[in-house]
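>>> structure for the following, please:
(one chain, ligands or ions: 1)
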Amino acid sequence: GVPPAAEGTDPAAAGFCYALSFRDISELRRIDRMRSDFVANASHELRTPLASLRGFIETLQGPAKGDPGAHERFLGIMLDQANRMSRLVDDLLSLSRLELKAHIAPSQRVDLVPLAGHVRDSLLPLAQDLGVEIRLHLPSAKVEVMGDRDELVQVIENLVENACKYGQEGKFVDVYLRNAPSQPVELSVVDNGPGIPAEHVPRLTERFYRVSVADSRSKKGTGLGLAIVKHILTRHRARLIITSELGKGTDFTVRF
Ligand code: ADP
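Sure thing, here's the model as predicted:
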């Protein structure tokens, strides 16, 4: 192929660079660094379950070959790892689709009341497993916003799922929907879990950000859930307000 031109020798490119301010350049560098951090993180997250799968396959082919008990156990773990990779790929695809339509405002009229009920039903098995009760506090009339139904389901689902997973076992997760006259519509998901130390709160919506290593080991998740929530809400011109108190719990409020 044709060798690429040496950097800095293309006069057109040089002219283009001079037209940018230092601020623009450092902004471009920052975006570039974020993008390569993201690719590195995503690769790392995929490589971990892949390495584990490879290890188990090798063990099954070798040392554990004639051991049916080990087969059963290892296949179970391998399925978990494969599921983890699927979740990750699904979340990565969601994020990239959301980026593509970031500037298109959603145009459906969506009633949030049935969505909350739908999310509770679909998370019931998980909540029961974790010993958490999801309680809905909904107005009797419709609460409509301009939005994308599936994306709003995903927002509520991610918030309620987090509240169940990270809230303390045996307690409640409360979902409030508020539509007071001349106030913005608000949806809050409140748990009475251990809370989140203040220094982590501003970073929660970063991709792959998780509060503790213990969380990433013991709780199923990709670290992308809140990044997806933030992307969806930006497109809906809505805000996510996180309030947390250690030992008391956390409140994730979406303000439309
Ligand atoms: P995931 O749940 O897949 O790890 P998220 O982006 O949904 O990723 O959440 C990021 C992190 O924020 C979680 O790993 C957890 O440490 C923390 N977190 C989220 N919701 C809560 C909550 N309700 N209470 C305590 N910590 C939470």
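
>>> not counting its neighbours along the chain, what's nearest H200?
Residue nearest to H200 in three dimensions, not counting chain neighbours: V211, with 4.9 Å by Cβ to Cβ, 6 or more residues apart in numbering. Quick note: C-beta positions are derived from backbone N, CA and C, even for glycine.

>>> next up, the contacts around the most centrally placed residue in the chain.
Central residue of the chain (Cα atoms, centre = their mean): G225, 1.0 Å from the mean position. Taking Cβ atoms under 8 Å, 6 or more residues apart in numbering, we find G225 in contact with D91, N158, E161, N162.

>>> tell me the one of those nearest the ligand?
N162 (3.4 Å; Cβ to the nearest ligand atom).

>>> quick check, that closest one in a helix?
Yes. Counting by DSSP: H, G, I helix; E, B strand; the rest coil, N162 is found in a helix.

>>> contacts only, for it.
V189, G225, L226, F252 are the contacts of N162 under Cβ under 8 Å, 6+ apart.

>>> rewinding a little: closest to D67 out of the contacts of G225?
Minimum distance to D67 across those is 35.3 Å, recorded for D91 (Cβ to Cβ).

>>> leaving aside the residues next to it on the chain, what's closest to that closest one?
L224 (4.0 Å).

>>> gap between the one you found and L123?
18 Å (Cβ to Cβ, to the nearest Å).

>>> which of these two has more neighbours?
L224 (24 against 20; other Cβ atoms under 10 Å).

>>> what does the stretch 151-256 of the chain put close to the ligand?
158, 162-163, 166-167, 191, 193, 196, 204, 209-211, 215, 221-227, 250 (Cβ under 6 Å from any ligand atom).

>>> mind doing that once more with 8 Å?
158-159, 161-163, 165-167, 189, 191, 193-196, 200, 204-205, 209-212, 215-216, 219-229, 244, 249-250, 252 (Cβ under 8 Å from any ligand atom).

>>> what's in contact with stretch 174-191?
112-113, 116, 119-120, 134-139, 141, 143, 145, 156, 159-160, 162-164, 166-168, 171-173, 249-256.

>>> which residues touch A42?
L88, L92, F208.

>>> just the element for it, please.
Using DSSP states H and E, the element containing A42 is helix 22-61.

>>> ok, and does that helix reach over to the ligand?
No. Under the criterion of Cβ under 8 Å from any ligand atom, helix 22-61 makes no contact with the ligand; the nearest approach is 10.5 Å.

>>> show me which positions of that helix end up buried.
For helix 22-61, burial by neighbour count (16 or more other Cβ atoms under 10 Å) applies to F38, N41, A42, E45, P49, S52, L53, F56, L60.

>>> go on, stretch 212-227?
Going by 16+ other Cβ under 10 Å, stretch 212-227 has these buried residues: S216, G221, T222, G223, L224, G225, L226, A227.
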